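1. I would like to see how this sequence folds:
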Amino acid sequence: MRLQHALALLITGFSFALPASSFAAVEVTHAIALRSTPKYPANFSHFDYVNPDAPKGGDVRLEAIGTFDSLNGFIDKGNPADGLGLIYDSLTTRSLDEPGSYYGLLAEKIERDPADNSWIIYDLNPKARFSDGTPVTAADVVFTFNTVLHDGNPGYKMYYKDISKVEALNQTQVKFTFRSKTNLELPIIVGEMQILPRHYWDKHSFTSGSLDIPVGSGPYTISKLDPGRSITYTRNPNYWGRDLPVNRGQHNFDSETFVYYRDTTVGMEGFKAGKYDFRAENSAKSWATNYSFPAVRNGSVKKLEQPNQNPTGMQAFVYNLRRPQFQDARVREALGYAYDFEWENKTLFYSSYSRTESYYSNSDLASSGLPSKEELTILEPFRKQLPPEVFTTAYQAPHTDGSGNNRQNLLVAQQLLTQAGWTMKNNALVNGSGQPLSFEILLVQPEFQRIVQPFVQNLARLGVQAKIRVIDESQYVERVKKFDFDMVVGGDGQSLSPGNEQRSFFGSKAADAPNSPNLAGIKNPVVDALIEQLIAAPTREQLVFQARALDRVLLWNYYMIPQYHASNYRLAYWDMFERPALAPKYDAGFDTWWVNPQKQARIRAAQGSN
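-> The predicted structure follows:
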């Protein structure tokens, strides 16, 4: 998927299919998928989950948290504005009701040899234009990859490291050549890169964060900017791709404005006051207690719970293994016993969450029970390098009875800490050199303190000195980029078809790359090897076994303390929208909604009276 999304945590799946004509030397297709067959034929008119006749119109306001000081989301400098993906197109775009099929967007055709995974050719649609009317050419694609891989966020280099060469064959054909024939998803993920206009960036600095409004080729352009406070995207009436099957029924709003708030608590108050129109709620407490305000009671604000069929990934307390106090796995395991999920779920979350016990939770990729024979075949060559529990014990996060009395788990933690050489002295846990076991938990959301504080209190009972520090988003982003923290609440979203992005999440080379999503600093040769095997998995079945094997190794090394996840989207919106009859399986689908002008007029009047 697009690395911008991978680094923020919502990853998409990949797939690649061989049609019946796969015996031919070269095939030309409209769509590409890995380990499956695209659902929609070449002559499809629109995706099933859209209303192809959805009316255009309406000005919509959305929430953003923190601030922004850059309109370049491809580099690791500054805080890029929300919504920048609206101004760019990529070579392909994914379907939201398949595990991972991609259909031509800037590219109208895809050429490859099914027997040779070392190259792929994307044929650009000759109608493709940037927002200033300039044609999108193969030279722009070459420029994009060369520039982003050289000067962009370091994560791109890892994600696309197996690209050997990108070359323009002519005005509309671009060829990618790969170093590895076993990296099966690489021909697909190159299609996800948002394409930059060379003629614009030849006159602007790419490496410095800037608020200069860039040129793109997507359905929207930036029309208004209030630095750090709001940004407005306006639908481009001359958008070249508005009639493509992949775009029908989408991009329906005339404008989308992202309104910035200091934190989610202030943002919630803005929603109540009618300052923005749609909210994806990620707090169980807020969902249970904050939606009884007058606009909800009179029907002006609607609540919607929609199934989330994507892997929910891992949200966790993330250790920074670069810190000496976390080097011993027994210490990491012990501290996990101080987290009482069952009490928090009952007391703070209204029993709305499930405990996360996999890096691929909410999917068939998640390990469970003892390893299958297929998983054992994968893991056996690494037996001497792995904790024995990987082979003998079903992983389960520490559980409690939810009473708040966590004594038994704390006794287990105490034993582990003693084994690791830590002893109690003057009510503080110290090592052989007399140094206390202490660390700081860095937060950016003040409201998260109520979740972390019980964990800190249980740690104190063990003699561990843990402190919470809440800082503003700008400071937080910069410190996390530099791995300047002891522990954060973080983790990684996952896709239905994990692959190259796993190198950035868990790979050794990513551990020292600034702004890498490998926050924990994992450096494990077995993890590296399993990632490469996963990337090369030839079938969906083998991919599942590889993911489960990798999952077990990550879990039993205690790189994180797993927290919790929900299996649905919690959406709240002012009653001005209409939705298609069918929601997409693998997304909330807000981009398929549209505004009812009569409803919006009524709602705007109500919001104005607040």
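
2. So what touches the lengthiest helix in the chain?
-> When the chain is parsed with DSSP state H, its longest helix is helix 540-556. Applying CB atoms under 8 Å, 6 or more residues apart in numbering, the contact partners of helix 540-556 are 35-36, 357-360, 364-367, 371-372, 374-375, 378-379, 382, 386-387, 389-390, 395, 497-498, 502, 506, 522, 524, 526-527, 530-531, 533-534, 537. C-beta: built from backbone N, CA, C; applies to glycine.

3. most remote residue from the chain's center?
-> Centroid-distance maximum for the chain: Asn426 at 44.0 Å, with CA atoms, centre = their mean.

4. Just confirm Thr234 is within a strand.
-> Yes - per DSSP: H, G, I helix; E, B strand; the rest coil, Thr234 lies within a strand segment.

5. roughly how far apart are the residue nearest to it when sequence neighbours are not counted and Leu86?
-> Using CB to CB, 6 or more residues apart in numbering and skipping the chain neighbours, the partner closest in space to Thr234 is Ser223 (3.9 Å). Using CB to CB, to the nearest Å, Ser223 is found at 11 Å from Leu86.

6. Which residue of those two possesses the greater neighbour count?
-> The residue with more neighbours, out of Ser223 and Leu86, is Leu86; 21 against 14, by other CB atoms under 10 Å.

7. Next, the contact list for the more buried one, please.
-> Applying CB under 8 Å, 6+ apart, the residues near Leu86 are 218-220, 233, 256.

8. Tell me the one of those residues nearest Thr264?
-> Within these, the smallest distance to Thr264 is 19.5 Å, found for Glu256 (CB to CB).

9. Wait, a helix at that closest one?
-> No - going by three-state DSSP, the assignment for Glu256 is strand, not a helix.

10. so it sits right up against Lys224, yeah?
-> No - using CB atoms under 8 Å as the test, Glu256 is too far from Lys224 to be in contact (11.1 Å).

11. Give the residues shared as contacts by the two.
-> With CB under 8 Å, 6+ apart, Glu256 and Lys224 have common neighbours Thr232.

12. Of these two, which one has the most company?
-> Glu256 (24 against 12).

13. Quickly list what the more buried one is bridged to.
-> Assessed by DSSP bridges, Glu256 has beta-bridge partners Val60, Tyr233.

14. quick one, what contacts it?
-> Glu256 neighbours (CB under 8 Å, 6+ apart): 60-62, 83, 86, 220, 232-233.

15. give me that answer again for 10 Å
-> 58-62, 82-83, 86, 220, 231-235, 277-278, 590-591 (CB atoms under 10 Å, 6 or more residues apart in numbering).

16. between Ser223 and Leu86, what contacts are shared?
-> 233-236.

17. can you redo those as TSV with pLDDT and distance to Phe455?
-> What follows is the shared contacts of Ser223 and Leu86, written out as TSV (pLDDT from 0 to 100; distance: CB to CB, whole Å):
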residue	pLDDT	distance to Phe455
Tyr233	98	40
Thr234	98	45
Arg235	98	45
Asn236	97	48
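
18. closest to Arg407 among those?
-> Nearest member of these to Arg407, counting by CB to CB, is Tyr233, at 54.0 Å.

19. Roughly how far does that closest one sit from Val452?
-> With CB to CB as the criterion, Tyr233 and Val452 are 35 Å apart.

20. And Pro597, by the same measure?
-> Applying CB to CB to Pro597 and Val452 gives a distance of 45 Å.

21. and these two? which has more neighbours close in?
-> Higher neighbour count among Pro597 and Val452: Val452, with 19 against 12, using other CB under 10 Å.

22. Off-centre distance for the host helix or strand of the more buried one?
-> Assigned by DSSP states H and E, Val452 belongs to helix 449-461. In terms of CA atoms, centre = their mean, to the nearest Å, the centre of helix 449-461 is set 27 Å apart from its chain centre.

23. ok, now stretch 306-322?
-> Here stretch 306-322 is found 9 Å from its chain centre; the criterion is CA atoms, centre = their mean.

24. for the chain, what are the low-confidence residue spans?
-> 1-24, 609-610 (pLDDT under 70).

25. Break it into its domains for me.
-> Annotated domains of the chain cover 3-201, 227-232+252-309+567-608, 314-565 [automatic domain parsing].

26. Out of those, the one nearest Val246 is which?
-> With CB to CB as the criterion, Val246 lies closest to domain 3-201 of the domains of the chain, at 5.0 Å.

27. Tell me which stretches of the stretch 251-400 of the chain form strands.
-> Remark: strands assigned in the stretch 251-400 of the chain by DSSP state E, counting those that start in this stretch are 255-261, 278-280, 301-307, 314-319, 354-355.

28. Would you give the sheet partners of the fourth one, along with the direction of each?
-> The reference is to strand 314-319. strand 487-492 (antiparallel), strand 560-562 (antiparallel).

29. Who wins on neighbours among the shared contacts of Ser223 and Leu86?
-> Each of the shared contacts of Ser223 and Leu86 was scored for neighbours by other CB under 10 Å, and Tyr233 scores highest at 27 neighbours.

30. in terms of contact, does that one touch Tyr239 like I think?
-> No - the criterion here is CB atoms under 10 Å, and Tyr233 misses it with Tyr239 at 11.9 Å.

31. any common contacting residues for these two?
-> What both Tyr233 and Tyr239 touch, as defined by CB under 10 Å, 6+ apart, is the set 218-221.

32. Now do Lys275 against Asp226, distance only.
-> Lys275 is 14 Å from Asp226, by CB to CB.

33. for Val464, that is, sorry about that
-> Val464 is 44 Å from Asp226, by CB to CB.

34. More neighbours: these two, which one.
-> Counted by other CB under 10 Å, Val464 and Asp226 do not tie: Val464 has more neighbours, with 23 against 11.

35. Can you tell me, leaving aside adjacent residues, what's nearest to the more buried one?
-> Closest to Val464 by CB to CB, 6+ apart is Leu437, at 5.0 Å.
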